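Participant: For reference, the sequence and a predicted model appear below.
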Amino acid sequence: MNLLLTFRIAIRALGRNKLRSGLTMLGIIIGVGAVIAMVGIGQGASASIQSQIANLGNNMLFVMSGSMNTGGMRGGAGTSQTLTPDDAAAVERECPAVRAVSPGVSANGQLVYGNQNWVASSRIQGTNEKFPDIRAWPIETGEFFTEGDVRTAARVCVVGKTIKDNLFTGTDPVGLTMRIRNLPFRVIGVLSTKGQNQYGQDQDDTVIVPYTTVQKKMLSITNISMMMISAISPAATFTAEKQITDLLRQRHKLGANQDNDFFVRNLTDVAEAADQSSKIMTNLLASIAGVSLLVGGIGIMNIMLVSVTERTREIGIRMAIGARSAAIRRQFLIESVTLSVVGGIFGIVFGVGASIIISNTLGWPTLVSPWSIFASVIFSVFVGVAFGYYPARKAAGLDPIEALRYE
Amino acid sequence: MLEAQVVTETNYAADPLLGPALITLEHVHKTYQMGDVEIHALRGVSLHIDRGEFIAIMGASGSGKSTTMNILGCLDKPTRGQYFLDGQDVSTLSRDELADIRNSKIGFVFQGFNLLSRTSALENVELPMLYLGVKTAERLTRAKEALDIVGLGDRMHSMPNQLSGGQQQRVAIARSLVNQPSIILADEPTGNLDSRTSVEVMGVFQQLNKERGITIALVTHEPDIAQYARRTIVFKDGRIKNDYLIKDPRSAREELESLPPIEDDEEDEE
């Protein structure tokens, strides 16, 4: 007796009691739907954290100069003048886990163009030519300044989207000259939109100039206040942190009992932790939803057991006219697998729909992956077989004489 | 028929002169264990049935006739003794092998019709062929043929609840003969039918037996139903008490012709 025929027999049997089949399926529909929606919410959260990590830059670390400690008064990080451009060069040269380094100094000041003026909230940032790579922040129009510009402390600048919109009132500023702290600067590029950082600060409200220009033409200093560092991989940020610390301690000739005169901040570290917790949350949600799927499976088993009892006579007839035990078992197994798979398919529709509704009404990001759909189909089949097996075996094990006599 | 000339009132103990019988039971015992009590349903039954016979099995309840039917139908196995069907010893076969034998060699007709509900007459008749693995086209042809034989060719798409008792029983007969079995076993086939319909159903059996040479064994407790058969076996206390040929069986067809025509529900079309 081939599978297709058994399948048809099973479908016909289910069709005879549509209400009951439908209610049984409902258990699976809710179970699968809940799993898909919950995993969708979890993965959506995870994806948004991932994009925030990417937004930070390529595996970024910051090194800030240490706090100044004069006569008992201690300044915050960056107030001392311990970091130099040579330190930055040494870190890039000697730390194997480091891919790129940009020295950083920043200044406050007014920006003026024509009759407009503006004070950037992200200050005037001095960096080198590696900034777009380290921050994963490409140029939108024009170009970034070059190593040559950095060497010669050229008066060129690259502006963020917010500056373009406000100071230049939306017109393309590339090639124009603006005044920064009353010095004329040629605008050579506009950065692409980066949006807010995780603290809500507008990262596009910035103007970037060579750090040497800030040092020599604005502040008249030779030190730098920070370094932006890109490690070779997310995992390497920890190694890089240690290598940088060791190198700088050595370069600053700090003894074993002296504190660091700088701070190393590993941003990826924090983000990874957030990502981890969102993954844990996803698993938690999925397992709660999985419980409802289990309950749905028990519902199938319950109905199949009732069905076997109710159809004892039918089973007797089938056996009398020559159905082997295996054929009976297969029929009931297919019935339960059909219930669970059809329920699973409706559950996918329900789950995807619920995800869309959740993201629209609650504003939570959701992400339904093909993988979770695939997994729930597989799981539905598994539920059908697992919970259908016992009733099917019970049906197949009936004695034909007893079954025929059953009223 | 040949055996009718040979046999007169006797019990059919193994007799080599008779040649290979269709069914041979040899000293069959069946004992049921009910708690501490052993119930001896059969206490040594020996029986020959040849091809083309039409047998009525009679006896009070508890006489062993149902147990014998279950064993003949390969639904049950003897505790002791042997059962040869078509020369094959089936008393030692496995559950699955017995299912195959039931499928291909035995047709069942029950008192309560036992059709699958909400399943058309045609599909009910197709069922035994499904388990035999007959291809769809052939299955359909054979099922229609079988329904034609029992006179229900025009009702093949009716559901059992749309058919009268007599029609349902004829669907059941069509189902029993569709795999061309060696024997049709009918367990009180007229038990749920009124007398006229009973005669009609017996007419179908007589026709199958006479025109197609199909072997039939039916269990009944009504002596006048047994009169339609050509041989009667009476059971008592787990043994065969009597085994005799009926000299002049009743003819269902003649009786039906003599009966006044009644507009019964079988003639109703929906």
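Facilitator: Yes, it's here. Remember, predicted model here, so these are calculated numbers, not experimental data. Numbers count the residues shown, from 1 in each chain, chains lettered A, B, ... in the order given.

Participant: okay, CA-based contacts and neighbour counts for the rest of this
Facilitator: Will do.

Participant: For the residue of the stretch 251-400 of chain A found nearest chain B, grab the count of nearby residues.
Facilitator: Residue nearest to chain B within the stretch 251-400 of chain A (CA to the nearest CA): A:Gly322, separated by 3.9 Å. A count of neighbours around A:Gly322, defined by other CA atoms under 10 Å in any protein chain shown, yields 29.

Participant: Not counting residues beside it along the chain, what's closest to it?
Facilitator: Sequence neighbours aside, B:Asn103 is the residue nearest to A:Gly322 in space, at 3.9 Å (criterion: CA to CA, 6 or more residues apart in numbering or on different chains).

Participant: Show me what the helix or strand where that neighbour lies is packed against.
Facilitator: Here B:Asn103 is covered by helix B:95-105, with elements defined by DSSP states H and E. Judged by 3 or more CA pairs under 8 Å, 6 or more residues apart in numbering or on different chains; DSSP states H and E, helix B:95-105 is in contact with helix A:312-320, helix B:121-132.

Participant: The helix or strand following that helix pairs with which strands?
Facilitator: For helix B:95-105, the following helix or strand on the C-terminal side (DSSP H and E) is strand B:106-109. If you go by DSSP bridges, strand B:106-109 pairs up with strand B:183-187 (parallel).

Participant: tell me the angle whichever helix or strand comes after the strand it pairs with makes with strand B:183-187.
Facilitator: Downstream of strand B:183-187, the first helix or strand assigned by DSSP H and E is helix B:195-212. Using axes from the mean of the first three to the mean of the last three CA atoms, to 10 degrees, one finds that helix B:195-212 and strand B:183-187 are set 170 degrees apart in direction.

Participant: what mean pLDDT does helix B:195-212 have?
Facilitator: Averaged over helix B:195-212, pLDDT sits at 93.

Participant: With just CA atoms, put that helix into CSV.
Facilitator: Output in CSV follows, covering the C-alpha atoms of helix B:195-212 (Å, rounded to 0.1, in the frame of the first residue of the first chain):
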residue,chain,number,x,y,z
SER,B,195,-37.5,-11.0,6.2
ARG,B,196,-37.9,-9.9,2.6
THR,B,197,-34.6,-8.2,2.5
SER,B,198,-33.1,-11.3,4.1
VAL,B,199,-34.4,-13.4,1.2
GLU,B,200,-32.9,-10.9,-1.2
VAL,B,201,-29.5,-11.0,0.4
MET,B,202,-29.6,-14.8,0.5
GLY,B,203,-30.5,-14.6,-3.2
VAL,B,204,-27.3,-12.7,-3.8
PHE,B,205,-25.3,-15.4,-2.0
GLN,B,206,-27.1,-18.2,-3.9
GLN,B,207,-26.4,-16.5,-7.2
LEU,B,208,-22.7,-16.0,-6.4
ASN,B,209,-22.4,-19.6,-5.3
LYS,B,210,-24.3,-21.1,-8.2
GLU,B,211,-23.2,-18.9,-11.1
ARG,B,212,-19.7,-18.1,-10.0
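
Participant: same question for the helix or strand just after that helix, mean pLDDT?
Facilitator: Helices and strands here follow DSSP H and E; after helix B:195-212, the next one along the chain is strand B:215-219. On average, the pLDDT along strand B:215-219 is 95.

Participant: Repeat that for stretch B:63-73.
Facilitator: 92.

Participant: Please list the residues outside that stretch that contact it.
Facilitator: Residues outside stretch B:63-73 that contact it (CA atoms under 8 Å, 6 or more residues apart in numbering or on different chains) are A:401, B:30, B:41-42, B:57-59, B:76-78, B:83, B:102, B:106, B:108, B:185, B:187, B:219, B:235-239.

Participant: follow-up on the earlier one: contacting residues around the residue nearest to A:Gly322?
Facilitator: Residues counted as contacts of B:Asn103 (CA under 8 Å, 6+ apart) are A:Ala320, A:Ile321, A:Gly322, A:Ala323, B:Pro128, B:Tyr131, B:Leu132, B:Asn179.

Participant: Same question for B:Arg196.
Facilitator: For B:Arg196, the contact set (CA under 8 Å, 6+ apart) comprises B:Leu256.

Participant: how much space is there between it and B:Gly112?
Facilitator: 17 Å (CA to CA, to the nearest Å).

Participant: Now stretch A:64-76: average pLDDT?
Facilitator: What stretch A:64-76 shows for mean pLDDT is 66.

Participant: Just the C-alpha atoms of the helix or strand where B:Ala41 lies, please, in CSV.
Facilitator: Counting by DSSP H and E, the element that carries B:Ala41 is strand B:37-49. In CSV, the C-alpha atoms belonging to strand B:37-49 read as follows (Å, rounded to 0.1, in the frame of the first residue of the first chain):
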residue,chain,number,x,y,z
VAL,B,37,-10.7,-19.9,34.5
GLU,B,38,-10.0,-21.7,31.2
ILE,B,39,-12.8,-21.6,28.8
HIS,B,40,-12.8,-24.3,26.2
ALA,B,41,-14.5,-22.7,23.2
LEU,B,42,-13.5,-25.5,20.8
ARG,B,43,-12.8,-29.1,21.9
GLY,B,44,-11.5,-30.8,18.8
VAL,B,45,-13.2,-29.7,15.7
SER,B,46,-12.4,-31.4,12.4
LEU,B,47,-13.9,-30.2,9.2
HIS,B,48,-13.5,-30.2,5.4
ILE,B,49,-14.9,-27.7,3.1
